Every structure is written in structure tokens, then in C-alpha cells.
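Enquirer: Quick check, what structure comes out for this input:
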Amino acid sequence: MFHCPYCGTGVKENEQYCIKCGKQLPKDFMSRIYNKKNFNKLWYFPFVSAVIIASVAGVFHLFLKNESAEAKDLYSQGEQQLMDNHYESARDLFSQALDHHSNFTLAATSVEFVDLAISIEVSLNKARQLKEEQNFQEAASIINEASQALRNYDGTAVDQLISEMEELRSNIKVDELKYILEQEPAIEELKVMLWEAESINHEEAEEITENIRNQIIDFSFSKASEQLNQKQFNDAQLLVEDGLKYAPLSEKLESLQATIDKEKLSFETAQQQRIEQAINSAAEEQELNENDAVDLVSASLDKNDQGNIIVNGKVKSVATIPIDSVVVEYSILSANGTEILTNEVVIFPDMLYPEEIGKFEFTHYDLVREPKELTLEVNKITWYTAE
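Expert: Now for the predicted structure:
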């Protein structure tokens, strides 16, 4: 229904005259009415379109938000599986997270890391097998390559994998050192092995380190004592100093070093004669007096792990004043009483106070016998009185 522009009476569409006032309606009246009607209708289209677009955008935003939340939840589950070393499960969860959120960079990186971790685990198992086969160098090489592969990654899972590799690396080094020790290596090789053993963070490595250090001490002490007995003071001093580089807290070597210094000084300052007189006086006093300055407490022959004969013993000072540089002379006899060798060894500590006990020890590397086939006899004990 439209209205006459003159009287306002309602006019039907396509009427040319108003039924009330009888006036002819303007020729463009109907077109204006039609255009106005169409204009009113067209005005709704942008509005409706905007509403539809806004609705679709809202739904899409909610969809993306839900997908992002699902991706984060899957990623968190994957992280937990990764921490538990369940790599296959972790990879599946990270991949699902990417399916929900294709731009999830952290999940993509995690998938790459899991693939690498699975590959590294295969390599570590190969290294373990090589270790059992005593192929230590190749096993260590595999560990080094795996470590290099992880250099661009960080995080708790990476730290766990690195810790696993370091533990395996230490186990390989320990087994390698034990294997080499079984081959009875030379002294120079033992010195290199000592530094390696000290650098290993492993419980067994401490025992190996102590074993190697004791072998170096025994070797240095025995060889230096031989040089001392031959009055080769400089050579003896060098041997002791070299041994102290590897065992700086060795009381045994420190005592020998003090004895060497004193005997060298005595020799260079022409005091050897007075020393010999003191030794002779002590020997004469021993013959005349039952209460000697030094009593032999014990002396025995043993065999170490390397099959070398070791002389062990103890002496006790019964003097009333301190004595130092105590030297024990002994002989080793065969089962039939034949003398095989004689030797002198200094006791440690270097100075003995009244009632104090000193020890002596010497390793014979060239004596290939069983202790039960030998007899140890202590021939003489000499000392100097402290001034």
C-alpha cells in the first residue's frame, strides 16, 4: 500500500489516479516508491552479510582456540613421555599436536629431537655391545659422535640423554683401564693411566686410581732405593721426585726423599766417616746391651698382585732419644739355606721417637719364586741418633 502525495489516501500499486481526490498521480511516483522500496531492501544485505561473516569468524576463532588448546595438551603429554624415555609414544603425541596446530614450532622441534634421541639410543646400545667385546676405542667414538649430534639442543630431556651418555662413557673407560691393567703395563703407561683414572667420575675408578698409584709408589721406592744403595744420590732423588708427582702425599716416598737428602749431604761434607762410626758404635752397643736402640718387631715375605716378592716388616725404637735414617739389612735364602740376595731398606717415617714403630717395605721385581720357597733373615739394623 502506498499513499497519495496530495491527500494521503492509500493508493494501490499501478494506480494512475487517487480514488479520493481524483488527481492524477505523478508519472515518476511509482518509480520513486519502487526505488525507495528496493533501497530499503538493499540496505539489509550488507548488514546481514556482516552478521554472517562475524558469526563465521567467531566460530572459526573458537575452532582454532580449541585446536590450539588440544595441541598444547598433547604436547604436555608428549613431554612427560619424553621425560620417561618413552620416545615412540612421545613422538606420536608431538605429531598429533602438529596435526591440531600446524604452526606449533615447539612441537615440530620436539619431533626432530625425538627422532634424534631414538637414533642415539640405537648408537648407545651398539656402544654397549662393543664395550662387552672389549672394542673400547670404537665404543668411545660412537659416544663422541652422539654427543656432537646433541650440541644444538638443550632442555631437561637433553640433559638426561647426556647424563646417560656420560655414564656409559665412564663405564667404557673403567672397563678399558681394567683390561689394560690385566696386561701388566710398563711404568710409563701406568703414569698415563693414572691421569685418565683420576678424571673418571665413577666409583670403581677410585679403586683403580689407588691401585695404579700404589704401583707407581712401589716402583719409584724400589728403584730409588737401589740407586741410594749404590750412592747414586742424584738418580735416586730424581726417581723419588718423579714418583711424588703422581703420589704427592706418599709418606713412604717422602721418608725416602729425606733419607736421600741426609745421606747425600753426609757424603758431600765428608761426614760419612762419622756416620760409619755411629753405625759401628750402635752395632757394638747392640752386642753388649740387650736393650738395643731398635727392636725388630716383624719381617715377612709376601707376593703382590703382579707376582713380585715383597719384603714387609716393622721395627720399634727402644732408645731414650729420637733416632733417624734407620736402615734394615736383610738376606733372602733359598729353601736349602743358600743366600740368594742381600739388600738394605730404609724405614719410614724417617725419624723414630722412643717407643714409636717404623715400617719397611721393598719390592723385588726380578725374584721369580714363591714366598714359601724362601726364607727372610734380618742381618743388621743401623740408625743415626738425632742431633
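Enquirer: which residues in the stretch 151-300 of the chain form helices?
Expert: If DSSP state H, counting those that start in this stretch is used as the criterion, the helices of the stretch 151-300 of the chain fall at 156-182, 187-198, 203-229, 233-246, 251-268, 272-288.
Enquirer: Point out the other helices and strands that the fifth one packs with.
Expert: It stands for helix 251-268. helix 203-229, helix 233-246, helix 272-288, strand 323-333, strand 339-346 (3 or more C-beta pairs under 8 Å, 6 or more residues apart in numbering; DSSP states H and E). Using the backbone N, CA and C atoms, a C-beta is placed for each residue, glycine as well.
Enquirer: could you dump those to a markdown table with distance to M193 and mean neighbour count?
Expert: Listed next are the helices and strands packed on helix 251-268 as a markdown table, based on distance: least, C-beta to C-beta, whole Å; neighbours: other C-beta atoms under 10 Å:
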| stretch | distance to M193 | mean neighbour count |
| --- | --- | --- |
| helix 203-229 | 6 | 19 |
| helix 233-246 | 10 | 18 |
| helix 272-288 | 40 | 13 |
| strand 323-333 | 31 | 20 |
| strand 339-346 | 27 | 16 |
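Enquirer: and those as a markdown table, adding distance to A108 and mean pLDDT?
Expert: Shown next, in a markdown table, are these (distance: least, C-beta to C-beta, whole Å; pLDDT from 0 to 100):
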| stretch | distance to A108 | mean pLDDT |
| --- | --- | --- |
| helix 203-229 | 41 | 91 |
| helix 233-246 | 53 | 92 |
| helix 272-288 | 84 | 63 |
| strand 323-333 | 76 | 92 |
| strand 339-346 | 72 | 94 |
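Enquirer: Need the ones you listed in JSON lines (columns: distance to L161).
Expert: Converted to JSON lines, those look like this (distance: least, C-beta to C-beta, whole Å):
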{"stretch": "helix 203-229", "distance to L161": "22"}
{"stretch": "helix 233-246", "distance to L161": "35"}
{"stretch": "helix 272-288", "distance to L161": "66"}
{"stretch": "strand 323-333", "distance to L161": "58"}
{"stretch": "strand 339-346", "distance to L161": "54"}
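Enquirer: Show me the one of the ones you listed that comes nearest Y353.
Expert: For Y353, the closest of those is strand 323-333, at 8.4 Å, according to C-beta to C-beta.
Enquirer: Endpoints of stretch 224-233, how far apart?
Expert: Length of stretch 224-233, first residue to last, C-alpha to C-alpha, to the nearest Å: 9 Å.
Enquirer: same deal with stretch 261-277?
Expert: Terminal-residue distance, stretch 261-277 (C-alpha to C-alpha): 20 Å.
Enquirer: what sits up against it?
Expert: With C-beta atoms under 8 Å, 6 or more residues apart in numbering as the test, stretch 261-277 has contacts from L228, K231, F233, Q237, D324, S325, Y384.
Enquirer: Give me the domain ranges for the chain.
Expert: As assigned by automatic domain parsing, the chain contains the domains 184-269, 292-385.
Enquirer: will you turn these into JSON lines that also has distance to V111?
Expert: Listed next are the domains of the chain as JSON lines, based on distance: least, C-beta to C-beta, whole Å:
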{"stretch": "domain 184-269", "distance to V111": "33"}
{"stretch": "domain 292-385", "distance to V111": "53"}
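Enquirer: Relative to C21, which of those domains is closest?
Expert: Using C-beta to C-beta, the nearest of these to C21 is domain 184-269, at 112.7 Å.
Enquirer: Quick one: distance of the closest one to the chain centre.
Expert: Domain 184-269 sits 27 Å away from the centroid of its parent chain (C-alpha atoms, centre = their mean, to the nearest Å).
Enquirer: With stretch 376-387 instead?
Expert: Taking mean C-alpha positions (C-alpha atoms, centre = their mean), stretch 376-387 and its chain are 48 Å apart.
Enquirer: Counting neighbours, which bits of it end up buried?
Expert: Along stretch 376-387, these residues count as buried under the neighbour rule (16 or more other C-beta atoms under 10 Å): L376, V378, I381, T382, W383, Y384.
Enquirer: does K303 really touch E373, like I thought?
Expert: No - using C-beta atoms under 8 Å, K303 makes no contact with E373, being 11.0 Å away.
Enquirer: out of those two, which sits in the busier spot?
Expert: Higher neighbour count among K303 and E373: K303, with 14 against 9, using other C-beta atoms under 10 Å.
Enquirer: contacting residues for the closest residue in space to that one that isn't next to it in sequence?
Expert: Closest residue to K303 apart from its sequence neighbours, by C-beta to C-beta, 6 or more residues apart in numbering: P371 at 5.5 Å. Taking C-beta under 8 Å, 6+ apart, we find P371 in contact with L301, D302, K303, I309.
Enquirer: mind checking how far P371 is from E196?
Expert: The spacing between P371 and E196, counted by C-beta to C-beta, to the nearest Å, is 33 Å.
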